[in-house]
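Visitor: any chance you could fold what I've pasted below:
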Amino acid sequence: MNEGNHEVKKVVLTGNEAIARGFYEAGGLVASSYPGSPTVEILETIGQYEGIEASFSTNEKVALETAIGASFAGVRTLVSMKHVGVNIAADPLMTFTQTPTRGGFVLISGDDPGMHSSQNEQDNRNFAKFANMAVLVPGNSQEAKDYTKLALEISETYHMPVMVQITSRVCHSRCVVQLEERQEALGEPFPSDVANYAMIPPNTFPKQYAMKERLENLAAGTETEVLNKLEEQEGAKTLLITSGLTYYNLKELGDLGEAVSVMKLGMAYPLPKEWLQQVTANYERIIVVEEMTPFLENELKLMGIPCEGKEYFSFTGEMFSETIEEGLHKAGVMKERKLTGDTPEKQEPVTQRPPLFCPGCPHRPVFDILKKTKALVNNDIGCYSMGLFPPFEASQSLISMGATLGISIGMIKANRQAKRPVPLVSVIGDGTFFHSGMPGMVAMLHELEPEDNLTILILDNGTTAMTGGQENASTGKRMNKEKPSVDIPALLKAMGIENVQVVDQFKYKEASDTIKEAVKTPGLSVIITTRPCALHFRVKEPVFQVDPTICIGCRTCIKTNCPPLRMKKYDGIDKLKSSIDPTLCVGCSICAQVCPVDAISRPVDKKKEEQTDGKEDSQ
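Guide: This is a model prediction of the structure:
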């Protein structure tokens, strides 16, 4: 990113881009992450700034540990991840918070109210409190930049890691941001100080008191004056307390119909107890307006401040202006509603658009085969999660990254005890395998019995596809330049797993036969599929077409759920027949291979035919 033009002082940035800018301006030197929506673009943007080491790690735990090491070495550090990623990183985090932070350390938690791209809706303000960390909550891009810088300052001043909780809507929305110059901030080298940086008993005992003291000091510090704002209305008897994007959605309502004061809390934890008690004593009624869990509401009640909140607002989903207005109307604050025309009961129903695999996606034939096997399939998290949806509906469970393997072990054991042998299949991608699947594979060696029947499919498409195509440990073998790469079959065999097969899933019959044979054979079988991500690697082969005079309209090709395929009416033919949109087709050939009457083929190209004569067409 070119910093030569100092005349540009204001730009439009997303929240993610603003966090990256804030880290740059604050003199950050090391950033790490594991890709997960809604925070992927933070590290990608940081990587555009010169002088900063920025990289995606194998998983969130390694990313956090990388950041810990950098902070120990005295440089300002940032680690970003989605909210559930903090669960993966929790083990080192819960101990790291005991150490006195050296280089400023900020953890960006991308929370997802409404679960737009997540398996749960945990509120990581609770995690920050649990870990004895401060948590700042920006509501727009300018605050995202400013709070990132302030978080690093707080971290160094109070010797604690700081969480910045940013939600999906703030991550991806844009506003004008004021730019500033970079300020270098390089600390001293790592000292020999075992009492502070080796967290073993008895070193850890005094740290419990140290964590408590620094939170109390921060709550009483001047930072709360910068982060927490009170907008008083003369004669107001009601005080609304809110934070983050919810504050701005509340302000969109304009005049609330009566004198109401508003308090915006930029720091959700720790809260300034004495100041809050003093301010709230002037009001007859305190109403907390916040997304997800009643975190602020509960904190106020613990301080002895009577307040209301979740009895008027939902405990789940996003808080839009309409939902805030509805809650305030229920609470009697707003006598009339201005946005009644936008309430859910007034809205036109939206046509459901289920997610689809991309044209040419190598996962499509795998789930078409699994659906036909009617096997019990435990799925993992990635693009292949769509195997749960129609028309495949080939998978039956999905919990978290890498969980499919441990879940399958548990199912195998339960079925063994119940004397009901059921063949199981576990599906996992290459990125997820490296993230958290390898320990489960090692467990197979001593957890399973020879008569147990488990087939593991590792879908090696060479990229962390769902989050934007970031590289993983197996990407290198598909790059034009030489790059280190982990050979998954060799790794599995080194672990001691003997039955490892590699298949090309675009050779449909061969792949189908291999998977079906494994499913009906007792023992542990591992099958690795090899086709790369069509989108990331820009796979494009000659397109296919349908001969409507041969097509019998059976819809077998349609059931593969490939976007270019649809049924249509041809001139002179009464029955609907299959068709292929040539602008979408990438020539994967699966539709042609599943067609029972050979109605799908590539247009005849004499030159191409001569060039490929004698070669098997597997594309």
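Visitor: show me how this structure divides into domains.
Guide: 10-219, 225-343, 363-529, 545-612 (automatic domain parsing).
Visitor: any regions of the stretch 51-200 of the chain where pLDDT drops low?
Guide: In the prediction, the stretch 51-200 of the chain carries no residues with pLDDT under 70.
Visitor: as a check, name the ranges of all helices in it.
Guide: 60-72, 85-96, 125-130, 141-158, 168-172, 194-197 (DSSP state H, counting those that start in this stretch).
Visitor: now the longest one: buried residues?
Guide: Read it as helix 141-158. 141-152, 154-156, 158 (16 or more other Cβ atoms under 10 Å). C-betas here are computed from N, CA, C, even on glycine.
Visitor: from residue 339, how far off is residue 529?
Guide: 50 Å (Cβ to Cβ, to the nearest Å).
Visitor: likewise residue 284?
Guide: Residue 284 is 26 Å from residue 339, by Cβ to Cβ.
Visitor: pick out whichever of these two has more residues nearby.
Guide: With neighbours defined as other Cβ atoms under 10 Å, residue 284 and residue 339 compare such that residue 339 has more, 17 against 9.
Visitor: list the contacts for the more buried one?
Guide: 253, 321-322, 325 (Cβ atoms under 8 Å, 6 or more residues apart in numbering).
Visitor: max pairwise distance over these: which two?
Guide: In these, two members sit farther apart than any others by Cβ to Cβ. They are 253 and 322, at 9.4 Å.
Visitor: between those two, which is the more surrounded one?
Guide: residue 322 (20 against 17).
Visitor: report the secondary structure state of that one.
Guide: Residue 322 carries the three-state label helix when classified by DSSP: H, G, I helix; E, B strand; the rest coil.
Visitor: where in this protein is the helix or strand with the lowest mean pLDDT?
Guide: When the helices and strands of the chain are compared on mean pLDDT, DSSP states H and E, helix 606-612 comes out lowest with a mean of 50.
Visitor: where does this structure have low pLDDT?
Guide: For the chain, the stretches with pLDDT under 70 are 1-8, 257, 340-347, 479-481, 605-619.
Visitor: hmm, residue 582 is touching residue 540, no?
Guide: No. Residue 582 lies out of contact with residue 540 (Cβ atoms under 8 Å); the separation is 11.7 Å.
Visitor: which stretches of the stretch 301-450 of the chain form strands?
Guide: 376-378, 424-429 (DSSP state E, counting those that start in this stretch).
Visitor: make a markdown table out of those strands and add distance to residue 596 and mean neighbour count.
Guide: Formatted as a markdown table, the strands of the stretch 301-450 of the chain follow (distance: least, Cβ to Cβ, whole Å; neighbours: other Cβ atoms under 10 Å):
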| stretch | distance to residue 596 | mean neighbour count |
| --- | --- | --- |
| strand 376-378 | 25 | 22 |
| strand 424-429 | 25 | 27 |
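Visitor: bridge partners for residue 546, pull those for me.
Guide: residue 600 (DSSP bridges).
Visitor: count of neighbours near it?
Guide: Neighbours of residue 546 (other Cβ under 10 Å): 21.
Visitor: what residues does it make contact with?
Guide: 577-580, 599-600.
Visitor: ok, so of those, who is nearest residue 213?
Guide: Once Cβ to Cβ is applied, the member of the contacts of residue 546 that ends up nearest residue 213 is residue 580, at 68.2 Å.
Visitor: quick check: the closest one vs residue 461, distance?
Guide: Relative to residue 461, and taking Cβ to Cβ, residue 580 is found at 23 Å.
Visitor: between the two, who's got more neighbours?
Guide: Higher neighbour count among residue 580 and residue 461: residue 461, with 30 against 21, using other Cβ under 10 Å.
Visitor: list the contacts of the more buried one.
Guide: Contacts for residue 461 were tallied using Cβ under 8 Å, 6+ apart; they are 362-363, 383, 429-430, 529, 531-533, 536.
Visitor: most neighbours out of those residues, which is it?
Guide: residue 429 (30 neighbours).
Visitor: tell me how many other residues surround the closest residue to that residue other than its chain neighbours.
Guide: The shortest distance from residue 429 to any non-neighbouring residue, by Cβ to Cβ, 6 or more residues apart in numbering, is to residue 382 (4.0 Å). Neighbour count of residue 382, defined by other Cβ under 10 Å: 25.
Visitor: repeat for residue 591
Guide: 24.
Visitor: mind checking how far it is from residue 554?
Guide: For residue 591, the distance to residue 554 - Cβ to Cβ - is 12 Å.
Visitor: now do residue 204
Guide: Residue 204 is 67 Å from residue 554, by Cβ to Cβ.
Visitor: between the domains of the chain, which gets nearest to residue 351?
Guide: Per Cβ to Cβ, nearest to residue 351 of those: domain 363-529, 14.7 Å.
Visitor: distance between the ends of that closest one?
Guide: 9 Å (Cα to Cα, to the nearest Å).
Visitor: try stretch 546-558
Guide: With Cα to Cα, one end of stretch 546-558 sits 12 Å from the other.
Visitor: could you list the buried residues of it?
Guide: For stretch 546-558, using 16+ other Cβ under 10 Å, the buried residues are 546, 548, 551, 556-558.
Visitor: which residues touch residue 316?
Guide: 113-114, 121, 292.
Visitor: 7 Å instead, please
Guide: 121, 292 (Cβ atoms under 7 Å, 6 or more residues apart in numbering).
Visitor: next: residue 134.
Guide: Contacts of residue 134 (Cβ under 7 Å, 6+ apart): 154, 160, 162, 218, 267, 269-270.
Visitor: same question for residue 313.
Guide: Contacts of residue 313 by Cβ under 7 Å, 6+ apart are 289, 319, 327.
Visitor: alright, I will stop here.
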